[in-house]
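Asks: Could you look at this predicted model? Sequence included:
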Amino acid sequence: EPEVTQTPSHQVTQMGQEVILRCVPISNHLYFYWYRQILGQKVEFLVSFYNNEISEKSEIFDDQFSVERPDGSNFTLKIRSTKLEDSAMYFCASRVTSGGTDTQYFGPGTRLTVL
Amino acid sequence: GNSVTQMEGPVTLSEEAFLTINCTYTATGYPSLFWYVQYPGEGLQLLLKATKADDKGSNKGFEATYRKETTSFHLEKGSVQVSDSAVYFCARTRQAGTALIFGKGTTLSVSS
């Protein structure tokens, strides 16, 4: 069964550094998402991406963040100048169409630790 | 506001016990509702969903009914198994767009 994959599984970085989290969505999916979960808190939506541009974003997704689909398979989240509070589990998800009932398929997550 | 609230965990049950995990939502419209499950070391998997009032989602013995009058989507299972031990997330679609708003998650631990 096709699945969303994410790399790395765990990323440790120093405060102020830039990190890039990578995701490979399911191949025929058209919509891509990033979510994050700070330890002990709820899963929060960051951004969605369709047709090579951002289609929605939350108030969390500020200028520190950017997303890109650099080729036909990868979908990346870049966090510039990381802060301690960026430490969280970051989930990528994808779906086929835009309908509200369509299922989002999630990857296993990347745990980001900012020291 | 627009949010999802689910009962605090952890929930600890013996095998074959009845499970209820409460979930309520706030919304100005009629969102689609979901339960996702996360097994240790894995990503979020869709467990079931309901797209309109009075719909019942079901999968693997789990059920949840979309109750508009109480704005609830409680998860139930008649007889839990050890393999059901996981974190369960209630979610709804955002007011505009396709992204999801999640609850905090409820950890279920089932012992034999």
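Replies: Happy to help now that I have it.
Asks: what sits against the closest residue to B:Asp55 other than its chain neighbours?
Replies: Once flanking residues are discounted, B:Asp55 sits nearest to B:Tyr66: 4.7 Å by Cβ to Cβ, 6 or more residues apart in numbering or on different chains. In this view, the C-beta of every residue, glycine as well, is placed from N, C-alpha and C. Contacts of B:Tyr66 were listed using Cβ atoms under 8 Å, 6 or more residues apart in numbering or on different chains, and they are B:33, B:50-57, B:73.
Asks: In this structure B:Tyr36 contacts B:Phe89, no?
Replies: Yes: shown here, B:Tyr36 and B:Phe89 form a contact pair, counting by Cβ atoms under 8 Å, at 4.4 Å.
Asks: which ones among the contacts of B:Tyr66 are found in strands?
Replies: For the contacts of B:Tyr66, the ones inside strands are B:33, B:50, B:56-57, with DSSP state E as the criterion.
Asks: From the residues you listed, pick the one nearest chain A.
Replies: B:Ala50 (9.1 Å; Cβ to the nearest Cβ).
Asks: just checking, the closest one touches B:Gly57?
Replies: Yes: B:Ala50 lies in contact with B:Gly57 (Cβ under 8 Å); the separation is 4.4 Å.
Asks: ok, is stretch A:62-78 in contact with chain B or not?
Replies: No: for stretch A:62-78 and chain B, the contact criterion (Cβ under 8 Å from any Cβ of the partner chain) is not met; the two come no nearer than 13.2 Å.
Asks: What's the mean pLDDT across that stretch?
Replies: Averaging the model's pLDDT scores along stretch A:62-78 yields 93.
Asks: returning to what we had before: which of the contacts of B:Tyr66 are buried, as a PyMOL select command?
Replies: Those of these that count as buried under 16 or more other Cβ atoms under 10 Å in any protein chain shown are selected in PyMOL with:
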select buried, chain B and resi 33+50+51+57+73
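Asks: Can you tell me the closest non-neighbouring residue to the residue nearest the centre of chain A?
Replies: The residue at the geometric middle of chain A, judged as the C-alpha nearest the mean C-alpha position with Cα atoms, centre = their mean, is A:Trp34 (3.0 Å). Distance criterion Cβ to Cβ, 6+ apart; nearest residue to A:Trp34, sequence neighbours excluded, is A:Leu46 at 4.3 Å.
Asks: give me every residue that touches the residue nearest to the centre of chain A.
Replies: With contacts defined as Cβ under 8 Å, 6+ apart, the neighbours of A:Trp34 are A:21, A:23, A:46-47, A:67, A:77, A:90-93.
Asks: Can you tell me which of those residues is nearest chain B?
Replies: Each of those was scored against chain B by Cβ to the nearest Cβ, and A:Phe91 proved nearest at 6.5 Å.
Asks: could the contacts of A:Trp34 be laid out in JSON lines, adding secondary structure, neighbour count and distance to B:Thr98?
Replies: What follows is these, written out as JSON lines (DSSP: H, G, I helix; E, B strand; the rest coil; neighbours: other Cβ atoms under 10 Å in any protein chain shown; distance: Cβ to Cβ, whole Å):
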{"residue": "A:Leu21", "secondary structure": "strand", "neighbour count": "23", "distance to B:Thr98": "21"}
{"residue": "A:Cys23", "secondary structure": "strand", "neighbour count": "26", "distance to B:Thr98": "17"}
{"residue": "A:Leu46", "secondary structure": "strand", "neighbour count": "20", "distance to B:Thr98": "14"}
{"residue": "A:Val47", "secondary structure": "strand", "neighbour count": "20", "distance to B:Thr98": "12"}
{"residue": "A:Val67", "secondary structure": "strand", "neighbour count": "22", "distance to B:Thr98": "15"}
{"residue": "A:Leu77", "secondary structure": "strand", "neighbour count": "25", "distance to B:Thr98": "18"}
{"residue": "A:Tyr90", "secondary structure": "strand", "neighbour count": "22", "distance to B:Thr98": "19"}
{"residue": "A:Phe91", "secondary structure": "strand", "neighbour count": "26", "distance to B:Thr98": "15"}
{"residue": "A:Cys92", "secondary structure": "strand", "neighbour count": "28", "distance to B:Thr98": "15"}
{"residue": "A:Ala93", "secondary structure": "strand", "neighbour count": "26", "distance to B:Thr98": "10"}
